[in-house]
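In: Got a predicted model here, sequence first, then my questions.
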Amino acid sequence: MPKRALSFVLNGERVEWEVEASDTLLRALRENGLTSVKRGCEEGECGACTVVIDDEAQKSCLVLALEVEGKSVLTTEGLPAAPGKLHPIQQAFVDEGAVQCGFCTPGFIMTTYAFLKAHPNPTDEEIRHALSGNLCRCTGYLSIIKAVKAAAAALSNQSGAAEGGR
Ligand code: FES
Ligand code: FES
């Protein structure tokens, strides 16, 4: 089957790929080296493949690669962080012990990234609701919820410091 051209912004840089019309975004990302995006159920159930598309967390196994034409896609590889540092959400997951085997972690982090952009001061209930599409077999979720709260606090301190510095 002939390949189709695909042009979109990946982690802040425009890319031009050739994909099969039937390729999912999950498949295209992994074939192009973005292996933080995990292949779990491939049925929209586990959230391991979550990426952010135009500021919205989406399961990349349910999106055709060609659907992101002209859009912006963010994976954990592209999370903005200072050189040599983790993004505050990643750091919060480490600090709160929210990472065990780690398979689910990139998906949780991208869900959290989009969620905290829209809800910078979330309640526990809002966090639970936001994370309800991501499954973790290891942690029991409490440490993940604590990590999201810690990340919200860190991001709000960071933006407060940036505003104070203006
Ligand atoms: S691999 Fe996409 S939701 Fe499980
Ligand atoms: S840390 Fe193992 S599945 Fe979540």
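Out: On my side now, so go ahead. Ligands and ions are numbered 1, 2, ... in the order given.
In: List the buried residues in the longest helix seen in the chain.
Out: As assigned by DSSP state H, the longest helix anywhere in the chain is helix 142-164. Buried residues in helix 142-164, defined by neighbour count with 16 or more other C-beta atoms under 10 Å: 143, 144, 145, 146, 147, 148, 149, 150, 151, 152, 154, 155. Placement of C-beta: from N, CA and C, glycine included.
In: for the last one, what are its contacts?
Out: Spelled out, it's residue 155. 88, 89, 116, 120 (C-beta atoms under 8 Å, 6 or more residues apart in numbering).
In: switch the cut-off to 7 Å
Out: The contact partners of residue 155, by C-beta atoms under 7 Å, 6 or more residues apart in numbering, come to 88, 116, 120.
In: quick one: low-confidence parts of the protein?
Out: Across the chain, the ranges flagged by pLDDT under 70 are 162-166.
In: ok, 80 please
Out: By pLDDT under 80, the low-scoring segments of the chain are 1, 159-166.
In: burial measure for the residue nearest to residue 56 when sequence neighbours are not counted, as a count.
Out: Closest residue to residue 56 apart from its sequence neighbours, by C-beta to C-beta, 6 or more residues apart in numbering: residue 114 at 5.9 Å. Here the number of neighbours of residue 114 (other C-beta atoms under 10 Å) works out to 20.
In: tell me which element residue 114 falls in.
Out: Per DSSP states H and E: residue 114 is located in helix 105-118.
In: continuing past that helix, what's the next helix or strand?
Out: Later in the chain than helix 105-118, the nearest helix or strand by DSSP H and E is helix 124-130.
In: elements contacting that next one?
Out: Packed against helix 124-130 by the contact rule (3 or more C-beta pairs under 7 Å, 6 or more residues apart in numbering; DSSP states H and E) you find helix 142-164.
In: Sounds good, over and out.
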